[in-house]
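# Give me a model of this one.
(2 chains)
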Amino acid sequence: EADIYQTPRYLVIGTGKKITLECSQTMGHDKMYWYQQDPGMELHLIHYSYGVNSTEKGDLSSESTVSRIRTEHFPLTLESARPSHTSQYLCASSRRAVNEQFFGPGTRLTVL
Amino acid sequence: EDQVTQSPEALRLQEGESSSLNCSYTVSGLRGLFWYRQDPGKGPEFLFTLYSAGEEKEKERLKATLTKKESFLHITAPKPEDSATYLCAVQPTGNQFYFGTGTSLTVIP
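Presented below is the predicted three-dimensional model:
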């Protein structure tokens, strides 16, 4: 079973708040990803990283930022949350040479 | 444009009634095609990776196959615990992954 963790699992906040969604993995994977998933819709890539100090934007950067200071940690920050950010956020990781991704349980974010 | 389409959107089967899910794709070169299972409120769980046309992978009641334009996930004699949403994703040449919207499978006892 994959060891990738996300906190919090659920979050309800008001518009304009700054939030950070946490993601950690204990598998030593180089690659990490953030996706956004709405009900009945496909996963959209927000950000990805190929290693420490490496970050790239996906198709849906979603006015968010990420950092990769340690291999195991890949937090996602929303500087000013809006109702349009209400969604499920999924973190994933994979080994460099093998591309299947292992997903965390997700964070369900609601912005009022 | 890279695109992934899954069909049907939803499928209801009686326990033991075999069927297949479809994933059609158009990509500029294929590095890999992936199948995932997702239960409500959880992250996707990896099932299979297929790399080239003609390749097949099996796991318990599931079998995935790949052609140059589509992949099938065959479910043989399904059980209620196989109920979930099954997602297909492709990785073209490049760094991104493209996911389909999934097939929601319900297996009725």
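# okay, now the closest residue to chain A within chain B: neighbour count?
Nearest to chain A in chain B, going by Cβ to the nearest Cβ, is residue B:43, at a distance of 3.3 Å. The way it works is simple: take the backbone N, C-alpha and C, and place the C-beta from them, glycine included. Neighbourhood size, residue B:43 [other Cβ atoms under 10 Å in any protein chain shown]: 23.
# Now do the contacts for it.
Taking Cβ atoms under 8 Å, 6 or more residues apart in numbering or on different chains as the criterion, residue B:43 is in contact with A:90, A:91, A:92, A:103, A:104, A:105, A:106.
# Tell me the one of the residues you listed nearest chain B?
residue A:103 (3.3 Å).
# sec struct for the closest residue to that closest one other than its chain neighbours, please.
In space, and not counting its chain neighbours, residue A:103 is closest to residue B:43: 3.3 Å by Cβ to Cβ, 6 or more residues apart in numbering or on different chains. On the three-state scheme (DSSP: H, G, I helix; E, B strand; the rest coil), residue B:43 is labelled coil.
# In CSV, could you pull the C-alpha coordinates for the helix or strand containing residue B:49?
Assigned by DSSP states H and E, residue B:49 belongs to strand B:45-50. Coordinates of each C-alpha in strand B:45-50 appear next as CSV, following Å, rounded to 0.1, in the frame of the first residue of the first chain:
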residue,chain,number,x,y,z
GLU,B,45,-5.7,3.4,-6.6
PHE,B,46,-3.2,2.2,-9.3
LEU,B,47,-4.2,-0.9,-11.2
PHE,B,48,-2.2,-1.4,-14.4
THR,B,49,0.3,0.2,-16.8
LEU,B,50,0.3,-0.6,-20.5
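# Which neighbours in the sheet does the next helix or strand after that strand have, and how are they oriented?
Sequence-wise, the next helix or strand downstream of strand B:45-50 (DSSP H and E) is strand B:56-59. Strand pairing for strand B:56-59, determined by DSSP bridges: strand B:62-66 (antiparallel).
# Show me which residues of chain A sit near chain B.
For chain A, the residues in contact with chain B (Cβ under 8 Å from any Cβ of the partner chain) are A:2, A:33, A:40-43, A:45, A:48, A:50, A:56, A:58-59, A:90-92, A:98-106, A:108.
# switch to 6 Å and redo it
Counting by Cβ under 6 Å from any Cβ of the partner chain, chain A comes close to chain B at A:42, A:43, A:45, A:90, A:99, A:100, A:103, A:104, A:105, A:106.
# quick one: low-confidence parts of chain A?
Applying pLDDT under 70 to chain A flags residues A:1-2, A:61-62, A:97-98.
# give me the element the residue most central in space within it is part of.
The residue lying closest to the centre of chain A (Cα atoms, centre = their mean) is residue A:34, at 3.2 Å. Per DSSP H and E: residue A:34 is located in strand A:31-37.
# Scan the residues of chain A next to chain B and report the most crowded one.
Highest neighbour count within the residues of chain A next to chain B: residue A:43, with 28 neighbours (other Cβ under 10 Å).
# and that one, backbone torsions?
Here is the backbone geometry of residue A:43 (degrees, to the nearest 10): phi -70, psi 140.
# Tell me if I'm right that it and residue A:33 touch.
No - using Cβ atoms under 6 Å, residue A:43 is not in contact with residue A:33; the gap is 9.3 Å.
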